[in-house]
Structures are given as structure tokens and as C-alpha cells.
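Trainee: Whatever this is, show me its structure:
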Amino acid sequence: MPELPEVEVVRRGLARWVTGARIGPVEVAHPRPVRRHLPGIADFCARLAGTVIQDAVRRGKFLWLPLDSGEALLAHLGMSGQLLLAGDGVADERHLRVRVRLSVPDPGGGPPAISQLRFVDQRMFGGLAVVPLVATPDGLPAGIGGVWEPSAPLLPPPVLHIARDPLDPHLDESALVERLRRRRTGIKRALLDQTLLSGVGNIYADEALWRARLHYARPTEGLSRPAVRRLLAAVREVMGEALAEGGTSFDSLYVNVNGESGYFDRSLAVYGQQGRPCPRCGATVRRDAFMNRSSFTCPRCQPRPRNG
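Mentor: As a prediction, the model looks like this:
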């Protein structure tokens with residue numbers, strides 16, 4: 001599943017290439033990816049046609065394109081969703097679900113290299129919907145937006161319950177530290193709680209916990225404030241490095257808007273490394289079952305708590 005750095009790579013590509021583009025005809029090849037647009041496929045296409053894309057904004061793993069109509073095209077990539085930019089001469093992808101035709105003027109006056117935004121999704125857990133925009137509860141920018149500018153203080157209603165993410169400059173870290181320490185749960189469960197801190201998935205949680213030398217089962221209420229801040233710094237650090245590498249790709253299902261995979265998987269310290277030596281101390285990395293997934297830890301750097 002694409003995680004926050006992967007979605008941010010996609011957002012940056014969209015912000016660069018489609019901001020200011022006018023949407024033309026929209027084609028829905030399969031109904032499932034637009035199932036969350038309750039008025040139906042015809043209404044989905046009609047609401048998009050003729051509008052102008054004003055920005056590309058992200059909060060956690062949610063991504064949306066604000067339109068000059070006052071609404072937004074909301075996207076969630078799910079397990080295998082891809083938003084790809086292409087020209088008319090590029091062959092369709094095997095799992096193309098939605099095609100949005102664009103009018104993107106070339107600054108040089110030549111024919112546009114990009115004329116389509118395609119939503120490709122093999123497993124179809126992701127989706128698109130046209131939604132209204134409402135004011136953010138705190139009056140601050142909704143998330144990460146634009147190429148250089150902050151986003152507007154508007155966000156889609158389905159994103160209202162999603163907390164700010166570690167890369168959001170408007171995240172209130174002091175308040176987050178206190179909220180996290182009041183929870184009575186394991187630290188990894190807290191990291192994965194999207195109402196507490198959004199965008200942190202299994203891969204980056206394991207990598208950040210390793211960097212902070214914390215076991216995933218450490219109780220949140222027993223963590224000191226410096227320990228929590230150290231962990232949050234590790235989350236930002238690992239996500240920043242992943243972002244610089246274009247994200248983490250384990251197969252062909254995650255790509256950026258140009259169809260290119262990320263390479264941060266080559267730098268993973270513990271995630272997926274069971275049986276291999278810890279790069280810090282040499283102990284053998286172990287894998288544990290966790291919430292129907294897996295957790296990877298170094299038993300020496302991250303000792304399990306006595307009550308864990």
C-alpha cells in the first residue's frame with residue numbers, strides 16, 4: 001500500500017503539471033473506483049467537465065485537487081491505485097479505470113505533452129469522488145499543497161477526522177505529545193491511529209521505532225516527553241529520506257505520475273529484514289505478527305517491555 005511519502009511524491013507531480021489545467025471529457029471504464037461518489041457516474045463526469053484544477057493538496061494519505069467550482073476531486077490510492085499523467089499517444093494501462101482529459105497549455109507554445117490524468121487500480125480498493133470543500137476546524141491550511149505555497153484552509157468532509165501528518169508544518173507537536181502520552185496502548189498502535197497522527201503506515205512505523213530504539217509494544221503512557229519527541233523526529237527523518245528517494249516500492253503497483261518506482265526499500269533497516277543482521281548492532285532482526293500484519297524489530301536495540 002502506498003504510504004505518505006509515496007502519496008506526497010504523486011502530489012508534487014500533480015501540483016507541478018496539472019495546476020491550471022482545464023478538465024475536458026471524463027470517461028469511467030469501471031464503476032467501482034467511483035463508488036464513493038453517491039450521485040453516480042454521470043454526475044461524477046458532469047461535475048468535473050469544464051472545471052479548472054487550482055492545486056494539489058494532501059493530508060496523510062488523502063489527496064485532492066481543488067477546482068474552481070468550489071469542489072474538489074478527492075482521491076485515495078488504496079492498495080494499488082495510481083494517478084498517472086500521459087499524452088494521447090500513450091497506450092492505455094491494463095487496469096485503467098478512469099480517464100480525465102486535460103487541457104494543459106505548453107508554456108513554449110507547442111503541443112501539450114500531457115493531455116490525460118489516468119486513475120489505474122488493479123485491486124480497486126482506491127477511489128475517486130467529487131466532493132465539496134469546507135473550512136478547516138482550526139482555520140489553518142488544510143495540509144501540504146501547491147508547489148511553493150501553502151494550501152487553502154479548506155478540506156473535503158471525508159478528511160475532517162484525519163489528523164495532520166508528520167510533514168505538515170502546522171502540526172502542533174506539543175499537543176500531539178500530550179495526546180499520545182494519555183493513550184493507554186502500545187506505541188506502534190498509536191502511530192498507526194490516523195485520528196492521532198496521519199500518514200504513518202506499517203513500513204515507516206517500524207523504521208522510525210528502530211531509529212528511536214523503541215519496541216512497538218512499549219506502552220504510550222510510560223513514555224517520557226523526550227522519548228516521544230525523539231520518536232516523532234525519527235518519523236520525520238525516515239519519511240524525509242524516503243521522499244528524497246521517491247518512496248518505497250516492493251512491486252509494480254506503486255509508481256509516481258510518470259510511472260517510475262521509488263527506491264527507499266534499498267535503505268530499510270528492519271522492515272522485511274527478518275533473519276538479517278541489524279545494521280546498527282548486528283543482532284538478528286525478528287518478525288512478529290501484529291494487527292494482521294507484521295512488525296520487524298532488533299531484539300537488542302529494541303528490547304521488548306516486560307509487560308509487552
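Trainee: care to break this protein down by domain?
Mentor: Domains of the chain are assigned by automatic domain parsing as 4-159, 173-297.
Trainee: Any chance of the ones you listed in JSON lines with distance to Arg306 as columns?
Mentor: In short, each C-beta sits where N, CA and C put it, glycine included. Shown next, in JSON lines, are these (distance: least, Cβ to Cβ, whole Å):
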{"stretch": "domain 4-159", "distance to Arg306": "32"}
{"stretch": "domain 173-297", "distance to Arg306": "10"}
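Trainee: Columns mean pLDDT and distance to Leu167 on top of the ones you listed, output as TSV?
Mentor: Compiled in TSV, the domains of the chain are given as follows (pLDDT from 0 to 100; distance: least, Cβ to Cβ, whole Å):
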stretch	mean pLDDT	distance to Leu167
domain 4-159	91	6
domain 173-297	87	6
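Trainee: is it possible to export these to TSV including mean neighbour count?
Mentor: What follows is these, written out as TSV (neighbours: other Cβ atoms under 10 Å):
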stretch	mean neighbour count
domain 4-159	19
domain 173-297	18
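Trainee: Tell me which of the ones you listed sits nearest to Asp165.
Mentor: Nearest of these to Asp165, taken as Cβ to Cβ: domain 173-297 at 3.7 Å.
Trainee: Quick one: end-to-end length of that closest one, please.
Mentor: Using Cα to Cα, to the nearest Å, the end-to-end distance of domain 173-297 comes out at 26 Å.
Trainee: Stretch 150-170 too?
Mentor: End-to-end distance (Cα to Cα), stretch 150-170: 10 Å.
Trainee: likewise stretch 128-138?
Mentor: Stretch 128-138 has an end-to-end distance of 26 Å (criterion: Cα to Cα).
Trainee: same check, this time on stretch 72-90
Mentor: Per Cα to Cα, stretch 72-90 runs 27 Å from first to last residue.
Trainee: Check stretch 47-59 too.
Mentor: Its start and end residues considered, stretch 47-59 measures 23 Å (Cα to Cα).
Trainee: Just to be sure, Arg99 is in a strand?
Mentor: Yes. Secondary structure of Arg99 (DSSP: H, G, I helix; E, B strand; the rest coil): part of a strand.
Trainee: do you know how far it is from Ala227?
Mentor: Computed as Cβ to Cβ, to the nearest Å, the Arg99 to Ala227 distance reads 49 Å.
Trainee: Give me the three-state assignment for Ala242.
Mentor: Under the three-state scheme (three-state DSSP), Ala242 adopts helix.
Trainee: Verify the stated contact: it with Pro5.
Mentor: Yes. Applying Cβ atoms under 8 Å as the test, Ala242 and Pro5 come out as touching, 4.0 Å apart.
Trainee: picking that back up, nearest to Pro166, of the domains of the chain?
Mentor: Comparing the domains of the chain by Cβ to Cβ, domain 173-297 comes nearest, at 4.8 Å.
Trainee: Quickly list what the nearest residue to Val18 once chain neighbours are set aside is bridged to.
Mentor: Closest residue to Val18 apart from its sequence neighbours, by Cβ to Cβ, 6 or more residues apart in numbering: Ile53 at 5.1 Å. In this entry, Ile53 is beta-bridged to Leu67, by DSSP bridges.
Trainee: mind checking how far Ile53 is from Arg99?
Mentor: Shown here: Ile53 relative to Arg99, a distance of 15 Å by Cβ to Cβ.
Trainee: How about Leu84?
Mentor: As for Leu84, its distance to Arg99 is 10 Å (criterion: Cβ to Cβ).
Trainee: now Gly146
Mentor: In terms of Cβ to Cβ, Gly146 sits 25 Å off from Arg99.
Trainee: Excluding residues flanking it in the chain, which one is nearest Thr51?
Mentor: Leaving aside its sequence neighbours, Thr51 sits nearest to Leu67 (Cβ to Cβ, 6+ apart; 4.1 Å).
Trainee: okay but the one you found is in contact with Leu73, surely?
Mentor: Yes. With contact defined as Cβ under 8 Å, Leu67 reaches Leu73; the gap is 6.7 Å.
Trainee: Common neighbours of the two, please.
Mentor: 48, 53 (Cβ atoms under 8 Å, 6 or more residues apart in numbering).
Trainee: contacting residues around the residue nearest to Thr136 when sequence neighbours are not counted?
Mentor: Nearest non-adjacent residue to Thr136, counting by Cβ to Cβ, 6+ apart: Pro153, 4.7 Å away. When contacts are counted by Cβ under 8 Å, 6+ apart, Pro153 touches 135-136, 139-142.
Trainee: Farthest pair within those residues?
Mentor: Checking those with Cβ to Cβ, the most distant pair is Ala135 and Pro141, at 11.4 Å.
Trainee: Great, nothing more from me.
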